[in-house]
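Colleague: missing the sequence, but the structure's below:
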C-alpha cells in the first residue's frame with residue numbers, strides 16, 4: 001500500500017479531514033500511487049501525457065485528446081441525485097435514496113484504480129474571499145491524468161484552498177473512477193455507469209467515464225448540481241447554468257451586467273463571448289465573465305443581486321465555432337494558450353485540428369487527417385464520405401485569462417451587480433426579439449417555462465417546446481416547486497432587483513426559412529434596449545406577455561435587415577401564444593409544491609393573452 005501520510009506531508013496538505021478522505025478512497029479504489037496536484041504542475045503533467053500518448057500536440061502550446069468512442073457526452077439517464085429525503089425528488093432530477101446509491105458506487109469503485117495513480121485535486125469554485133467561498137471548496141480524486149489537466153484550466157487548483165478552511169469539514173468530496181470503459185455496457189440494459197451527486201452529504205461519486213462533465217467534477221456536478229442544492233439548503237444563493245457578460249457604455253462610463261439561461265443549441269456561449277457590432281463599437285464594449293455557470297445572491301447592504309462565474313475557464317462546444325459566430329472563442333484557443341481540444345478531427349502530420357463549421361468546407365488535402373474516432377478520413381468508403389469529422393459534442397478547454405475581452409474584475413470576490421436576467425430558447429416563431437418583464441413572479445414563471453424547439457413529428461405535436469426550466473433541466477438537484485420558491489425568496493430580498501426578459505434570435509420566415517434577425521454581434525442591440533428600458537430611457541410597447549421595443553427605440557445603425565422582417569420580430573403572435581399557454585399549464589402541473597405566486601402569474605399572462613386575442 002502507498003504511504004498516504006508521507007505523500008500528503010510532502011505535498012503540504014494539512015487539512016486532517018481531507019487527509020482521512022484521501023486515505024479512505026485510496027484504500028477502497030486500490031490506487032497504486034497518490035499525487036497531490038497544484039496548478040503549477042500543469043507543464044509537467046502535459047509532458048507526461050504527451051509521452052504516454054494521452055495527449056497529442058496540436059501546434060504550439062495546444063493539445064489534442066480523444067476519448068473512448070462511446071464516452072463522448074454527458075449521460076443524463078445515468079446521472080442521479082441522491083439524498084436521504086424522498087421529498088427532494090423532482091420531475092427531472094432522477095432521485096434515488098442515498099442509502100441505496102452510496103454502497104452501489106463504492107462497490108463498483110472498489111479496486112477499480114488498481115495499478116493507477118490517484119490524483120488529488122484540491123480546488124475552489126469561487127473567487128477567493130467571496131461570501132460564497134464556504135460552498136466552493138472541493139477535492140476531486142481522479143485516476144485520469146487528462147481530467148487533472150482540464151480541472152487545472154477550469155478551476156482554481158491548489159492545497160491552499162482546503163488547508164485553511166474555517167471548518168475543515170466544509171469541502172465537497174468528489175470521487176471520479178474511470179472504470180474499464182470498453183466493458184461497461186454503454187447504453188445497454190447492463191449499463192454499469194453511474195454519475196451520482198449525494199447532495200445532502202456534499203459528495204459526488206462518478207464511475208464509468210473520462211469525458212467532460214462526467215469527469216470534471218468541479219464543473220457541472222459541484223458548480224451546478226450540488227451548488228444549487230447548497231444554495232437552497234442554506235437559503236443564501238442561486239447556482240444556475242447562466243452566462244454572464246458586462247456592457248460598458250464608453251460615453252457615459254456606466255456598466256451593466258446581464259446573466260442569462262439558454263437551453264442547448266440556443267446561442268449561450270456565442271452571446272457570452274460576443275463583441276459589439278462594428279457600427280456601435282466606438283461607444284459600447286462587451287466584457288466576458290463566463291459562458292456556463294453563475295452563482296447569484298443578494299447583498300443585504302445595498303439590496304442588489306450580485307453574481308460571479310465560479311469557473312476559471314471555458315469548456316466550449318467546438319461545432320460551428322468560427323470567425324463569424326465567435327471570434328473571441330478562436331482567440332482564446334490560439335497557439336500558446338494551453339488549450340485542449342477533445343474529439344475534434346486531428347491531423348497527425350501537422351497537428352492541425354478541424355471541426356464542422358470551423359470553415360465552410362473541410363480541408364481538401366486529406367493527408368494525415370483522422371476523424372474523432374482516430375480513423376483515417378482518406379480511407380473512408382463513398383458511403384462514409386458525409387460522416388462528421390468531429391463529434392458533435394467535441395470541445396475546447398481554455399483558461400479564462402486567454403479570453404481577450406475577459407473582464408478585469410472577473411475574479412472580484414464581491415461579484416458584479418446583475419442588472420438583467422434573460423432567458424432565450426431557439427424558436428422559429430412565437431417569441432419576439434426581446435420582451436421585458438418587470439414583475440418578479442412573472443419573470444420566474446417565464447424562466448420555468450423556458451424551452452427550445454425539438455422534433456415532435458413522431459407524436460404529431462408540432463409547436464411544443466422541450467421545456468428546460470431556467471436551462472437547468474439536466475442539473476436540477478431538488479424539486480422544481482421548491483426551486484421556484486427559492487428563486488422567489490432569494491430575488492424577493494432585492495430592493496433594486498434585476499429586470500427579466502426573454503430573447504429570441506432564431507425567428508424564421510415560414511416561406512423560405514431565412515432568419516429574420518442577423519444574430520451574433522447584433523444581438524447586443526436587444527440587450528442595449530433592455531438596459532435602456534430598465535433605466536427609463538425608452539418606454540417600449542406593452543403587450544400581453546411583456547414589453548417589446550418600439551421600432552425606433554432599437555439602435556439599428558449599421559444593421560442590414562428587411563423592414564418586414566423587423567416588423568415581424570417586434571410582433572406578438574397571439575394565436576401561437578394561446579396554444580403555448582395550454583402547453584405551459586400541462587408542463588407546470590408536473591411540479592409538486594409549485595408556489596401559488598407562479599400559478600397566479602400564469603393565470604395573469606393567460607388572461608392577458610386571451611383578452612388581447614379577442615380584441616384582435
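Modeller: Happy to help now that I have it. It should be emphasised that the depicted structure is a prediction, and the values quoted were computed from it without experimental measurement.
Colleague: show me where the stretch 151-300 of the chain has helices.
Modeller: Chain-ordered helices for the stretch 151-300 of the chain, with DSSP state H, counting those that start in this stretch as the definition, fall at 160-163, 212-215, 227-234, 268-272.
Colleague: export the ones you listed to TSV and tack on distance to residue 389?
Modeller: In this view, the C-beta of every residue, glycine as well, is placed from N, C-alpha and C. Below are the helices of the stretch 151-300 of the chain laid out as TSV (distance: least, C-beta to C-beta, whole Å):
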stretch	distance to residue 389
helix 160-163	39
helix 212-215	19
helix 227-234	36
helix 268-272	21
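Colleague: What sits closest to residue 448 if chain neighbours are left out?
Modeller: Distances taken as C-beta to C-beta, 6 or more residues apart in numbering place residue 469 nearest to residue 448, at 4.7 Å, with adjacent residues excluded.
Colleague: returning to what we had before: which stretch among the helices of the stretch 151-300 of the chain comes nearest residue 290?
Modeller: The stretch from the helices of the stretch 151-300 of the chain with the least distance to residue 290 (C-beta to C-beta) is helix 268-272; that distance is 6.6 Å.
Colleague: name the helices or strands packed onto the closest one?
Modeller: Applying 3 or more C-beta pairs under 8 Å, 6 or more residues apart in numbering; DSSP states H and E, one finds that helix 268-272 contacts strand 242-249, strand 255-261, strand 284-290, strand 313-317.
Colleague: Out of the ones you listed, which is closest to residue 367?
Modeller: With C-beta to C-beta as the measure, strand 313-317 is the member of those nearest residue 367 (27.5 Å).
Colleague: Skip the chain neighbours and tell me the closest residue to residue 389.
Modeller: Computed as C-beta to C-beta, 6+ apart, the closest residue to residue 389 that is not its neighbour in sequence is residue 345, at 3.7 Å.
Colleague: returning to that earlier point: tell me the contacts of the residue nearest to residue 448?
Modeller: Applying C-beta atoms under 8 Å, 6 or more residues apart in numbering to residue 469 gives the contacts 92, 447-450, 476, 480, 483.
Colleague: Next: residue 247.
Modeller: For residue 247, the contact set (C-beta under 8 Å, 6+ apart) comprises 255-258, 284-287, 524, 527-528, 531.
Colleague: circling back to that earlier point, out of the helices and strands packed on helix 268-272, which gets nearest to residue 73?
Modeller: Ranking those by proximity to residue 73 (C-beta to C-beta) places strand 313-317 first, at 10.3 Å.
Colleague: The residue nearest to residue 389: how many residues sit nearby?
Modeller: The local packing of residue 345 (other C-beta atoms under 10 Å) involves 26 other residues.
Colleague: ok, so what distance separates it from residue 613?
Modeller: Here the criterion is C-beta to C-beta, to the nearest Å. By it, residue 345 lies 50 Å from residue 613.
Colleague: Likewise for residue 64?
Modeller: Distance check for residue 64 against residue 613: by C-beta to C-beta, it reads 55 Å.
Colleague: So which of the two has more stuff around it?
Modeller: Applying other C-beta under 10 Å to residue 64 and residue 613 shows that residue 64 carries more neighbours, namely 23 against 14.
Colleague: what's the closest non-adjacent residue to residue 481?
Modeller: residue 593 (3.4 Å).
Colleague: Quote the end-to-end distance of stretch 145-162.
Modeller: In terms of C-alpha to C-alpha, to the nearest Å, the two terminal residues of stretch 145-162 are separated by 21 Å.
Colleague: Please identify the helix or strand for the nearest residue to residue 139 once chain neighbours are set aside.
Modeller: Spatial nearest neighbour of residue 139, excluding adjacent residues (C-beta to C-beta, 6+ apart): residue 122 at 5.1 Å. In this assignment (DSSP states H and E), residue 122 forms part of strand 117-124.
Colleague: neighbouring contacts of that strand?
Modeller: By C-beta under 8 Å, 6+ apart, strand 117-124 touches 8, 11, 13, 18, 22, 25-26, 29, 31-37, 133, 136-145, 147-148, 151, 155-159, 161-162, 218.
Colleague: likewise stretch 126-139?
Modeller: Applying C-beta under 8 Å, 6+ apart, the set of residues contacting stretch 126-139 from outside is 18, 21-22, 120-125, 156, 161-162, 165-167, 170-174, 217-218, 222, 227, 230-231, 234, 236-237, 295, 297, 308, 310, 411-415.
Colleague: what's the burial count for residue 322?
Modeller: 15.
Colleague: Next one: it from residue 573, what distance?
Modeller: 32 Å.
Colleague: same check, this time on residue 486
Modeller: From residue 486 across to residue 573, the span is 33 Å (C-beta to C-beta).
Colleague: okay, those two: which has more neighbours?
Modeller: Each of residue 486 and residue 573 had its neighbours counted (other C-beta under 10 Å), and the higher figure belongs to residue 486 (20 against 15).
Colleague: pretty sure that one is touching residue 231, no?
Modeller: Yes - proximity of residue 486 to residue 231 meets the contact threshold set by C-beta atoms under 8 Å, at 7.2 Å.
Colleague: Residues in contact with both of the two, list them for me.
Modeller: With C-beta under 8 Å, 6+ apart applied, the overlap between the contact sets of residue 486 and residue 231 consists of residue 238.
Colleague: pLDDT below threshold where in this protein?
Modeller: For the chain, applying pLDDT under 70 flags the ranges 454-463.
Colleague: Could you pull up phi and psi at the residue sitting nearest the centre point of it?
Modeller: Within the chain, one residue has its C-alpha closest to the average C-alpha position: by C-alpha atoms, centre = their mean, that is residue 292, at 3.2 Å. Dihedral angles of residue 292 (phi, psi; degrees, to the nearest 10) stand at phi -140, psi -30.
Colleague: Who does residue 35 form a beta bridge with?
Modeller: Assessed by DSSP bridges, residue 35 has beta-bridge partners residue 119.
Colleague: Hmm, it is touching residue 8, no?
Modeller: No - with the criterion set as C-beta under 8 Å, residue 35 and residue 8 do not qualify as a contacting pair; they are 10.6 Å apart.
Colleague: one step back: I figured the residue nearest to the centre of the chain hits residue 311, correct?
Modeller: Yes - under the criterion of C-beta under 8 Å, residue 292 lies in contact with residue 311, with a separation of 6.6 Å.
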